[in-house]
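**Student:** Pasting the sequence and the predicted coordinates here, then a few questions.
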Number of protein chains: 2
Amino acid sequence: MSKPQRPKARLPRGFRDRGAAEIAAERRMLDIIRGVYESYGFAPLETPAFEYTDALGKFLPDVDRPNEGVFSLRDDDEQWLSLRYDLTAPLARYVAENFQDLPKPFRRYQVGPVWRNEKPGPGRFREFTQFDADTVGSNSPAADAELLMMVCDALEAVGLKRGEYVVKINNRKLLDGMLEAAQIDISKRGLVLRAIDKLDRLGLKGVSELLGSERKDASGDITKGADLLPHQISQVMSFVNASAQSVDWHRVEDWLKIAFQGDIGPTGKLGINEVLRIAEIISGNGFQTDRIRFDASIIRGLDYYTGPVFEAQLAFPVKNENGEEIVFGSVAGGGRYDDLVARFTGQQVPATGISIGVSRLLTALSSRGLTGDIKPLIVVLTMEDAASSFAVARELREAGFRAEAYVGTRKFGDQLKYADKRGAALAIIEGGDERANSQITIKNLVAGSELAKSIESRAEYLGARQAQETVARGGLVATVRRMLGG
Amino acid sequence: MSKPQRPKARLPRGFRDRGAAEIAAERRMLDIIRGVYESYGFAPLETPAFEYTDALGKFLPDVDRPNEGVFSLRDDDEQWLSLRYDLTAPLARYVAENFQDLPKPFRRYQVGPVWRNEKPGPGRFREFTQFDADTVGSNSPAADAELLMMVCDALEAVGLKRGEYVVKINNRKLLDGMLEAAQIDISKRGLVLRAIDKLDRLGLKGVSELLGSERKDASGDITKGADLLPHQISQVMSFVNASAQSVDWHRVEDWLKIAFQGDIGPTGKLGINEVLRIAEIISGNGFQTDRIRFDASIIRGLDYYTGPVFEAQLAFPVKNENGEEIVFGSVAGGGRYDDLVARFTGQQVPATGISIGVSRLLTALSSRGLTGDIKPLIVVLTMEDAASSFAVARELREAGFRAEAYVGTRKFGDQLKYADKRGAALAIIEGGDERANSQITIKNLVAGSELAKSIESRAEYLGARQAQETVARGGLVATVRRMLGG
């Protein structure tokens, strides 16, 4: 009756374990991005996993357990702590806390996990990694332009070719100026932005229906629209349409004026000016519209953007692990936000940033085979003498190979199966006979297993046996090098 | 009255932010250790930050909020989640969950933060990084020997010299065999082990007092002792004494017999056998007692060790940031534990592991200056044309330098101050005059600021001015290379 209750070994819901191949591919990718960002003079910062809940801003603890969207708990001294849900809120806290001591502009990058207490779904986890770069303390369009060029350089450094990605920019002031010019009531701003944000999925017709009275989808479901007047719809659509054409940066001013149908108010003018100053810098550095492009349909969800908004998108179809083509959104996004630090200090500090979605970009690179090489593994079987198999493995490591001695207690056949399961390229065997003759055997597991699959005749069987070589002990390293190289 | 309440920007208690220098030094160190572990064939694994609380084992939720020692919270579905407090408990969960699919022995390393919900103190944080390597599914001493050799290789790879560290091993079975031989009641095991564990601080006399009736410290405080009989104390002290002498591995058998005073029971014999088999492997691979040494005073706190226990210690004094010499304990520790997975499956699975305390090792390396080099930074000042300063920075990056264009909006003097604050080595200036003459100015900030400190005469002032050079625009990269190299 008192049999102990054993816990079931299981991953928490919405979390996952990650293995060697994914970790290696991610490390390669992050190291490259880090290298690019550091070459631009961005310095790394690491903030802790926890922040005080009141410092996170978005989710103030106005209920007993402030657990909506974030993971929160109460500390010994009754203060609420939350795990960071992004890397921007901790940056705001850090800048506000250390403002006097920081060089201004303050440019930092940070990469690390963030946590969201949300309902998990397929491909949707409650812990994931972000890679952010932000410039705090400059309202110059140069700061935005730098981020745009830097993210292009990073995407090409990890292996994407020119034309396989595009960084799209828009400006919140253009959007607001367009609403202003079309005399669209501010109460409809959200509805209009949400409609534009759906251009990718619904196309021009769908968006214009959502700007009108209603939209009926294929299943007959009806979505209520923004109820704009016909001339307002026309003006918004003209603006959105502008994004469909790609024009060189030196023609972007004319293009924006056409998009506005000549009717530009003060807010729109500010937006155009910001776009033009960014255009001047990036085009002066050779970044043409094949890499960075204006796109009036880029909205970005967060309310706090105040000027330029950016989004990096892939220009090729991506397949998931099951070989199915998947809809692939942005791999990076960001923009200018000028009031994040003000929450703490009351002082407006301009800031602009871009965040790479690490697992999304990694999926895209994997589908392109851009994951880097893992050194082949060599397993030295352990016959009677572990000291000796360790010495062989050590000799191979010192020659630059990845080599392990088998440290289990099973017999020969199981050791070979182990080596196979580990995906080893070679197995090294130094049995009693070999040692007596100062020899050693190197078995090519890849060739061996491929041959074994197709063996139908005795001749083939003999071929399979040739997937191993017995050589003089002193020839070990040279033979391994030849077999791995071949 | 309704003035908004602003949150105070502050780090949560017991957590810290980390800046560029520490991050770079840690990354260098972790990359090297990772390289060594991977060359041994250990594969990386990443488990999530959270585990179900019941899977953590040590801290079962028998109270309403299972918050003792770990950070815990209740999920939507009322299950308790905890942040991992080490990397061993998640490994046990992972192995139990995936046992059938894993190669056996399963050898993985994992590096990442762990969280402890404890009272923070000086140098004692609630979030810190561990670097673990474990071998699961082998009871062979070869598995223990491999970890010992691997951690030596790792410590030397990060820059420690032979003799600057020592890995000490002991065996729980020896300790138990010694208690058995001296007929010490099992109820006194904890007291005896704790007394031995204090050898470092109290010396032989202090330990033997703690084994007797009581110990009075310098302040007159009295600690109750284990109340052993005189011959029992003598037997324990003989065993502990053995650790004071360093003997070569081929003499370790005699040495252990002397330590036991010839009186070895069955448990002690098992322990001696394990030590000897490890000794055979490591000495056969050239690891003598200058690197790995038997030490009977090594206890390791955790109860779950069942055989060999290890501890890597530094053999040189370490200074903290304030230049004070600090007591430096182990930088790595571990041992064999055979019943961690059994909690889930009921099945005994042998395992052995070693964990590096990342921030402790990093402090030690920093005190030795082993932190790697950071590339010098070049700041390109932005005069009237940001596109042009970006182009200069880009040219320098393409030549392999770390170079940023100033993206703020301040004037010349403030830009120079910014470059100084950033610790830049050079500032590049391309003003109107320079551009008209196709020239560019490179200012050596390091030499300039050192000269500025000591300027007392006009001659010196002219010397300080020579800390900058104006050269033909085409000579930028060559001049920068010469000035950084010189």
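**Tutor:** Yes, it's here. Numbers count the residues shown, from 1 in each chain, chains lettered A, B, ... in the order given.
**Student:** And the residue in the stretch 151-300 of chain A that chain B sits nearest to, how close does it get to residue B:391?
**Tutor:** Of all residues in the stretch 151-300 of chain A, residue A:284 sits closest to chain B, at 3.0 Å by Cβ to the nearest Cβ. Bear in mind the C-beta positions are built from the backbone N, C-alpha and C, glycine included. In this view, residue A:284 and residue B:391 are 7 Å apart by Cβ to Cβ, to the nearest Å.
**Student:** got it, and residue A:37?
**Tutor:** On the measure of Cβ to Cβ, residue A:37 and residue B:391 end up 19 Å apart.
**Student:** Neighbour count for those two, which is higher?
**Tutor:** residue A:37 (24 against 18; other Cβ atoms under 10 Å in any protein chain shown).
**Student:** can you give me phi and psi for that one?
**Tutor:** phi -60, psi -40 (degrees, to the nearest 10).
**Student:** how about the residues of the stretch 251-400 of chain A near chain B?
**Tutor:** A:280-285, A:343-346, A:375, A:377, A:379, A:382, A:385-388, A:390-391, A:393-394, A:397 (Cβ under 8 Å from any Cβ of the partner chain).
**Student:** Just the residues you listed: which are in strands?
**Tutor:** Of those, the ones assigned to strands by DSSP state E are A:377, A:379.
**Student:** And for residue A:470, the neighbour number?
**Tutor:** Residue A:470 has 14 nearby residues by other Cβ under 10 Å.
**Student:** Give me the pLDDT for it.
**Tutor:** For residue A:470, the pLDDT comes out at 94.
**Student:** and stretch A:127-136, anywhere near chain B?
**Tutor:** Yes: with Cβ under 8 Å from any Cβ as the criterion, chain B is reached by stretch A:127-136 at A:127, A:135.
**Student:** can you pull the contacts of the nearest residue to residue A:102 once chain neighbours are set aside?
**Tutor:** Excluding its sequence neighbours, the residue lying closest to residue A:102 (Cβ to Cβ, 6 or more residues apart in numbering or on different chains) is residue A:95, at 6.7 Å. Shown in contact with residue A:95 (Cβ atoms under 8 Å, 6 or more residues apart in numbering or on different chains): A:102, A:106, A:136, A:341, A:349, A:351.
**Student:** now do 7 Å
**Tutor:** Contacts for residue A:95 were tallied using Cβ atoms under 7 Å, 6 or more residues apart in numbering or on different chains; they are A:102, A:106, A:136, A:341, A:349.
**Student:** Which element, helix or strand, includes the residue nearest to residue A:215 when sequence neighbours are not counted?
**Tutor:** Distances taken as Cβ to Cβ, 6+ apart place residue A:209 nearest to residue A:215, at 3.9 Å, with adjacent residues excluded. Element membership for residue A:209, per DSSP states H and E: helix A:199-211.
**Student:** same deal with residue A:130?
**Tutor:** Counting by DSSP H and E, residue A:130 is found in strand A:127-136.
**Student:** Check the model's average confidence along the helix or strand just after that strand for me.
**Tutor:** Moving toward the C-terminus from strand A:127-136, the next helix or strand (DSSP H and E) is helix A:141-157. The predicted model gives helix A:141-157 an average pLDDT of 97.
**Student:** Any part of helix A:141-157 near chain B?
**Tutor:** Yes: using Cβ under 7 Å from any Cβ of the partner chain, helix A:141-157 reaches chain B at A:142-143, A:146.
**Student:** Buried members of those residues into PyMOL, please.
**Tutor:** The PyMOL selection below is limited to those of the residues of helix A:141-157 next to chain B classed as buried (16 or more other Cβ atoms under 10 Å in any protein chain shown):
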select buried, chain A and resi 142+143+146
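**Student:** would you turn the residues of helix A:141-157 next to chain B into TSV with distance to residue B:154?
**Tutor:** TSV is the format used below for those (distance: Cβ to Cβ, whole Å):
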residue	distance to residue B:154
A:142	44
A:143	41
A:146	39
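**Student:** Out of the residues of helix A:141-157 next to chain B, flag the one nearest to residue A:257.
**Tutor:** residue A:142 (24.0 Å; Cβ to Cβ).
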